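K.L.:
just a sequence and a predicted model for now, questions to come.
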Number of protein chains: 6
Amino acid sequence: MSRFDGRTPDQLRPITIERGWSKHAEGSVLVSFGDTRVLCTASATQGVPRWRKGSGEGWVTAEYSMLPRATNTRGDRESVRGKIGGRTHEISRLIGRSLRAVIDFKALGENTVVLDCDVLQADGGTRTAAITGAYVALVDAVAYMQANHFFKAKAQPVTGSVAAVSVGIVGGVPLLDLAYEEDVKAGTDMNVVCTGDGRFVEVQGTAEGAPFDRAELDALLELASAGCVDLALAQQLALAD
Amino acid sequence: MSRFDGRTPDQLRPITIERGWSKHAEGSVLVSFGDTRVLCTASATQGVPRWRKGSGEGWVTAEYSMLPRATNTRGDRESVRGKIGGRTHEISRLIGRSLRAVIDFKALGENTVVLDCDVLQADGGTRTAAITGAYVALVDAVAYMQANHFFKAKAQPVTGSVAAVSVGIVGGVPLLDLAYEEDVKAGTDMNVVCTGDGRFVEVQGTAEGAPFDRAELDALLELASAGCVDLALAQQLALAD
Amino acid sequence: MSRFDGRTPDQLRPITIERGWSKHAEGSVLVSFGDTRVLCTASATQGVPRWRKGSGEGWVTAEYSMLPRATNTRGDRESVRGKIGGRTHEISRLIGRSLRAVIDFKALGENTVVLDCDVLQADGGTRTAAITGAYVALVDAVAYMQANHFFKAKAQPVTGSVAAVSVGIVGGVPLLDLAYEEDVKAGTDMNVVCTGDGRFVEVQGTAEGAPFDRAELDALLELASAGCVDLALAQQLALAD
Amino acid sequence: MSRFDGRTPDQLRPITIERGWSKHAEGSVLVSFGDTRVLCTASATQGVPRWRKGSGEGWVTAEYSMLPRATNTRGDRESVRGKIGGRTHEISRLIGRSLRAVIDFKALGENTVVLDCDVLQADGGTRTAAITGAYVALVDAVAYMQANHFFKAKAQPVTGSVAAVSVGIVGGVPLLDLAYEEDVKAGTDMNVVCTGDGRFVEVQGTAEGAPFDRAELDALLELASAGCVDLALAQQLALAD
Amino acid sequence: MSRFDGRTPDQLRPITIERGWSKHAEGSVLVSFGDTRVLCTASATQGVPRWRKGSGEGWVTAEYSMLPRATNTRGDRESVRGKIGGRTHEISRLIGRSLRAVIDFKALGENTVVLDCDVLQADGGTRTAAITGAYVALVDAVAYMQANHFFKAKAQPVTGSVAAVSVGIVGGVPLLDLAYEEDVKAGTDMNVVCTGDGRFVEVQGTAEGAPFDRAELDALLELASAGCVDLALAQQLALAD
Amino acid sequence: MSRFDGRTPDQLRPITIERGWSKHAEGSVLVSFGDTRVLCTASATQGVPRWRKGSGEGWVTAEYSMLPRATNTRGDRESVRGKIGGRTHEISRLIGRSLRAVIDFKALGENTVVLDCDVLQADGGTRTAAITGAYVALVDAVAYMQANHFFKAKAQPVTGSVAAVSVGIVGGVPLLDLAYEEDVKAGTDMNVVCTGDGRFVEVQGTAEGAPFDRAELDALLELASAGCVDLALAQQLALAD
C-alpha cells in the first residue's frame, strides 16, 4: 500500500533546513517538511524576564504564528482580531517547552532566546517542523552568544538536540509525518518530540475519531521514534554545513 | 515507601462527585480530587454554532477557569486582564475534546451542551478532576434533554464514559493522581483521558525535567489506566444515586 | 399577605455564613441569602498599589464576578468576551467602597486586602450577600495579618461591621431581601449598606418602573435598616464560632 | 456661612442650557453647571437593538465620556487604553436609566435615541449636569422624530421631565450642587435624580468619610429636591426659547 | 464659478481661533474652519516617556479623536469598540509629526506636551484645523512652561509656526480648504502642512478617483501654500490678543 | 559621490519579483528591494463586505505586517500586544488605496481580493516594495478569477499598473529607493505611488528634520517618477514569464 504522494508509511516527506535565511536574527532557519514551510528565527538578548532576574539562569521562549494565507482558506489575522487563539497558544507553549528541554539555563546565564516560528505555508505538521527548525536556529543563536561572550567561555548551554514529528492512524494504518490531506482523515493523531538520544520530551496523542488502544499507541510511538532519528540526522547535516 | 499524605503510589486521593449542586444548570457536579474542588455545570440549549447549522449534528464545548484565589497566591482575573491565558485555552480545549469523544452528534441532534468547569480550590489535577466531573454533569444534562424532547426519543447521544487522571514520576517513582506538592517535584508529568472501556482519548506527557524513556512512559500509562478504571466506577456510583 | 416563599414582608431569607471555606485564602466565606450563594475570599498581601506607596496607609479593594451558569440562562464569560461589563464594574466598586468604610487605613499599614466575590448561584441580592460575606472574610484576613505581624501589634484596622440588603416595592408593598422572582417585579429597587451601629454607608435606590416618592423611600429605608441589624447579628454569630 | 464661591448652601451654580449647539445631531445641548461644561447630543435612529426587535417598543441609551484634559490633570483616553473604566460605565448606566424613566417606549415605537454626554470641562457634578442637559436634547430629538413621522402622530413619548443634582455634607453643612473643590472635601456625597413633579428616579448616597445617619440623609434629600425644582425650571425656560 | 457656499476657489472658510477655552489646560484653543470645530488642548508635564529619559530632550505628541455625533451619522465610540481605528491613528501621528517640526527638543528640556485634538463638529478638514489650532495651544503651553521654569530662562523651544490646509480637485477645479460637501466629490485630495516661512512639513496627496498628473499636483501645492500663509496670519493675530 | 552600497543617487536596489511563491493563494509574490523582502499574497473570494452588498461592485483591501524579527531588534507581535499599531494601520491603508486606484470595481463584480503583505526581512522601503509586489499578486489573482468565472468573461478589472518607491534627501542629496541605513539619516522622506503611465496615486512627503522647500520637493518627485518607470518595467517582465 502506498500513500497519496508515493511515500511508504514510515517515510518522512522531503526535509530541508536552510540556515542563515535572515540577515538580522542571531539564528534563522527556513525549514520545510514537504510543502510545509516555517521560518524560524532565534533572537538572543541579554537579560531575562522580570520573574527570573537574579536567578543566574537564562530563558528560552517561543511564539508560533501562521500567515493569513498559509492555508488553503485565508484566516483572520490574530493581530486584527485583537486576541490570540487557543491553537496558537497551545503550539507556542509546546515549542517553548520542547526547546527548553535541551537547555542548561545555568550555563546560558541571564540571557534570553526568543524563537519565532512563522508558518509561511502550511501542509500538515507545522508544529513539528517548527520545533525541528527552531532547534537549529537556537544552536546558531547560542553559538553567536558564545562568540560574543554572553556567557562563560566554556559553558555548553545546549545539552542535546530535539526534533518532532507527527504520526497518525489513517484507514487503520499507522503513518509517519502526515501531510494535511492525511491529517484530516486520521482517526488518531499524535505529535512526538524526541531528543537526539531517543528519549521523549513530549507525547501528545488525541483520538480524533474512535478512542485508541494500547497496541495502536505503541505502534505510533515506534514510528515516531524512528522518524525523530532521521530528523536528528537532518539537523546534524544542516549544522555541519 | 509512602507519599506525603499516606497514599500508596497507585492510589487516588479521596474522590467525591456531588450531583445537582446548582439549581439552574441542566447538569451540575461539584467534584473533588482531595483538596482540588471543581464546579462543573452543563448547560443545554437548542441550536448549534453557526458553522454547524443544518448539519443535523449537535455540539459539546467546554470552558475552564480558576477563581483568583483558588491557588495559594491570588492570580489576576482573566476578565480584568482582558485576555485568556495560554494555559486556560489549552485546558478548555482538552476538556472539550475529551467529552466530545463519547458523544454521538447525530443522536444529539442540533443541540449544544456547554460545560463550565470552574476551579473553586486547586491542589493539583484540576483538569483531570474537571473532565471526570464534567462527564457526570453532561450525562445529567443529556437526560434532561431527553426528558424534554430535545432529540429523538430513542437516541443515545452518550456512547460511553470518560474520565481523566494525572500521573508523574517523582523521585524516580511513578505516582498516580498527583497533589500540587507532588506535581511541582515531578520530573515527568502526564495527563491521561480514558473511556470507561479502557481505551485512550488523550495522552499528554511532558518532561518537566529530564526527558523520559519508553519504560517510564509504559509505567505511567499502566498506572493511569488503572486509575481511570477507579474513576469510571466512582462516576457510575454517583450516577446511580 | 404572604410572599411567594412564605416570608413576611420584613423577613430575610435564611442566611448562612460558612467561614474557612477555602484552604488557601487568608479569609474565606461561603455566604448564602436563600438560594443566592457567593464565595467571598480575602487575600492579604504586603504592599499597596503604586499610587499609595509611601503613604503609610493600606488598601482594600474588591472584584465581583458571576460564574456563567450562576443564573437561569448561561451568560458569556467576561474573560472570553475580553472585557468587563458595566454591571460587574458597578458592583465591584460598590463592594470595595462599602468595605473601605469600616477600615482604618493607617492602622492597616501598607498592606492590601483583595476581596473576591464570586457568585456560584444567583437568586437575587448577589451584591448584598457579597458585601455581607466579604466583611466576615475581611475580618478573618485582618486577624491573620495581625497574627503574622503585617501591622503594629495593637492596631485595630477594622473599625466596625458592615452589611447590606436589598429592599423593593412589589405590588405596592415594601419587601425586604428580594429574591430574583420578586426583583423582576419590583417597581422600585434599593440596595442599602449599613454599619453595625445603624448608620448608612451607601444608599442606592432606583425607580425601575414609576418614580417613587418620599414616603416610599422612607418605608424602604426603615425596612433596610432593620434588615441590616439582623445581618449584623448573623455576622457576629459567624465570627463567634 | 458662605461657600468658597459666595453661594449659600442651598444655591445652585449658574446654570446655562444652550440648545442647537451641533448642526448634525437631532438634539444637542451645551449645558453648564458653573465651570462644568457637558456637550449632550441626542441621535435619533429608526430601529432598535436586536434584543428588542418586534416588541413595538423603542429604546433610549446613553454614553458618558470625559475629554482627556477636562480635568486638572490629563487622564488617559479610554480608547487608547482599550477599555472603559468602571466610573464611566457606572455613569453611562445612570444617565440611561434616568432618561428612560420619563419615556413611554410604546409611544416611541421601534426607534432609538442615543444620548452622548461628553464632558468638555469638569468642575464637579458632571453626571448631574449630563442628565439635566441630556433631557433637553432628548426632547428636541423626540420633536424631530415627531416632525419626521418616526412614530404615530399623536404619540407623546416624553412623559415628564428629569433633572439631577449633587448634594453633600462638607464640614458638617449640607450643600447643594458641589463644585469640585467642595466635592473632594465632602464626607457624604449624594446624587439625586428627580422628575419635574418632584418624585425620585434615582438616589445614590455614598459615605466618603464617616457613615451618615438618617437625619443627614433627610437633610440632603430636602436640599436635592429643592435644587431639582430649580433645574426643572431652567429646562423649561430653555425649551421655551 | 463660485462654490456652494459662495467662496472663490482660493478662499478659506471663516477661521476662528479662540484661546483659553479650558480653565484646566496649560494651552487650549477652540478652532473653527467654517462648521468644523476642534477643541485643542495642550497639557504640559515635567518628564518624558521612558525611551527618552536621560536624553536632555523633551517630547511633543498628539491624540486626535472625534465625538460620536460630530458627523452626520453617529459613529461608534472607539473606547466602546475597544480599539482605535486606522484613520484616528493616522491623523494623530500626522498632528504629532507636524508640531514636532517646529520644536527644538533640547530647548524644551525633559518636558512633555500632549496635544489633544477633539473634533466637536466635523465638516471637512478636521485634521488641518486640528494642526492649525494645536499650534496656538502649544505656544500657550510653552509660555506657561517658561513662566513656571520648566526649562532654561532664555530657551526658545518653539522655532517657528505651523499650519495646515486641505486642497482638492473638484470637477476639474483646484479648491482650497474643502468643506465636507466638496471633499466627498474631490477626485484628488491633499493635506499640506507648512511652516510660517513657507516651507513644507508634510505633503499628503491621494487620488480618490483618477490618478493625478504633475500639473495638477503643482496647482494644488500653490493653492495650499497660499492658504497656509493666511492661516499663519490668523494664528499670529490670535496670539497677539 | 557614491552611496554606501555603490549605487548612484538615481539607482534602484536590485529588484526581484518571484511569482507563485505560495501554493495556496490565488496570487503570490516574494518581492525584494535589496535586502527588503516582502511576501505578498492575494486571496480571491466571492462576495463583498456587508456595507458593499448589492452594489454590484467588488472590493480590494490590504493588510501589512512585519514578522517580529524582520528588523534588527525583535519587535513585539501585534497579536500578542492585542492591538495593531498606528504605523501598521497607516501602511495597510496606503497599500489598499494604492491598489484600488487601478481597479474597476464594476468590472470586478461582487468579489473581494485581500492582499496580505508580510515583511519577512526589512531594510527600508517595506511599504513601497509591498505595493509593487502586491500589484503583481493582484494581477495573478484577477487572472485566476477570470479563469474561474468570478466575473463577466470580457471584463477587465485591472485598469493599469501601480508601483511605489521611496525617495529622500540625505546630506543634501536627493536619493532614490532608500535602504534603512540611508532612511535613518534622511532629512526629508517621501513615498510616491505611480501608475504605469506616470501619474500619481499617492504622494506622501515628510520632513524628518528641517522643513523642505519647493525645489527639494520637485527634485524628489522627479527622482521618484523615474524610479517608478523602472519598477513598472520589472513588474511587466515578471508578469511576462
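P.N.:
That came through fine. Computed from a prediction, not measured in an experiment: that's the story for all the values here. Numbers count the residues shown, from 1 in each chain, chains lettered A, B, ... in the order given.
K.L.:
let's verify the most centrally placed residue in chain A: helix, strand, or coil?
P.N.:
Relative to the mean C-alpha position of chain A, the nearest C-alpha, by CA atoms, centre = their mean, is the one of residue A:131, at 1.0 Å. Three-state assignment for residue A:131 (DSSP: H, G, I helix; E, B strand; the rest coil): helix.
K.L.:
all the strands of chain A, in order from the start?
P.N.:
Along chain A, the stretches classed as strands by DSSP state E are A:15-19, A:27-33, A:36-46, A:59-66, A:111-121, A:162-170, A:173-176, A:188-195, A:200-207.
K.L.:
among those, which comes closest to chain D?
P.N.:
Chain D sits nearest to strand A:59-66 of all these, at 20.9 Å, using CB to the nearest CB. Any C-beta I mention is one placed from the backbone N, CA and C, and that applies to glycine too.
K.L.:
what sits up against that closest one?
P.N.:
A:48-49, A:52, A:75, A:78, A:88, A:91-92, A:95-96, A:99-100, A:103, A:105, A:108, A:111-119, A:122, A:126-127, A:130, A:134, A:138, F:68, F:77, F:79-80 (CB atoms under 8 Å, 6 or more residues apart in numbering or on different chains).
K.L.:
among those residues, name the ones in helices.
P.N.:
Those of these mapping onto helices are A:78, A:88, A:91-92, A:95-96, A:99-100, A:105, A:108, A:126-127, A:130, A:134, A:138, F:79-80, per DSSP state H.
K.L.:
wait, isn't the residue nearest to the centre of chain A in contact with residue A:165?
P.N.:
No - taking CB atoms under 8 Å as the contact criterion, residue A:131 and residue A:165 are not neighbours in contact, 9.1 Å apart.
K.L.:
buried ones in the helix or strand bottoming out on mean pLDDT in chain A, by neighbour count?
P.N.:
One helix or strand of chain A scores below all others by mean pLDDT, DSSP states H and E: helix A:78-81, with a mean of 92. Applying a neighbour-count criterion of 16 or more other CB atoms under 10 Å in any protein chain shown, the buried positions in helix A:78-81 are A:78-80.
K.L.:
for stretch A:34-41, same thing?
P.N.:
Under the neighbour-count rule (16+ other CB under 10 Å), stretch A:34-41 has A:34-41 buried.
K.L.:
the nearest residue to residue A:58 once chain neighbours are set aside: neighbour count?
P.N.:
Excluding the flanking residues, the one nearest residue A:58 by CB to CB, 6 or more residues apart in numbering or on different chains is residue A:108, at 3.2 Å. Residue A:108 has 26 neighbouring residues, counting by other CB atoms under 10 Å in any protein chain shown.
K.L.:
report the contact partners of residue A:108.
P.N.:
By CB under 8 Å, 6+ apart, the contact set of residue A:108 is A:57-60, A:142, A:145, A:151, A:155, A:157.
K.L.:
cool, and residue A:146?
P.N.:
The contact partners of residue A:146, taken as CB under 8 Å, 6+ apart, are A:153, A:155.
K.L.:
residue A:167 contacts residue A:225, correct?
P.N.:
No - between residue A:167 and residue A:225 there is no contact, the gap being 9.6 Å when judged by CB under 8 Å.
K.L.:
quick one, which of those two is more surrounded?
P.N.:
Regarding residue A:167 and residue A:225, a neighbour count based on other CB under 10 Å identifies residue A:167 as having more, with 28 against 17.
K.L.:
tell me which parts of chain A are close to chain C?
P.N.:
With CB under 8 Å from any CB of the partner chain as the criterion, chain A comes near chain C at residues A:82-83.
K.L.:
state which helix of chain A is the longest.
P.N.:
In chain A, assigned by DSSP H, the helix with the most residues is helix A:214-240.
K.L.:
show me what contacts the closest residue to chain C within chain A?
P.N.:
For chain A, the residue positioned closest to chain C under CB to the nearest CB is residue A:83, at a distance of 6.3 Å. Residue A:83 is in contact with B:83-84, C:82, F:79, F:82, counting by CB under 8 Å, 6+ apart.
K.L.:
ok, it to residue D:18 distance?
P.N.:
For residue A:83, the distance to residue D:18 (CB to CB, to the nearest Å) stands at 43 Å.
K.L.:
what is the neighbour count of whichever residue of chain A sits closest to chain D?
P.N.:
Distances from chain A to chain D, computed as CB to the nearest CB, single out residue A:82 as the nearest residue at 8.4 Å. Using other CB under 10 Å, residue A:82 is surrounded by 19 other residues.
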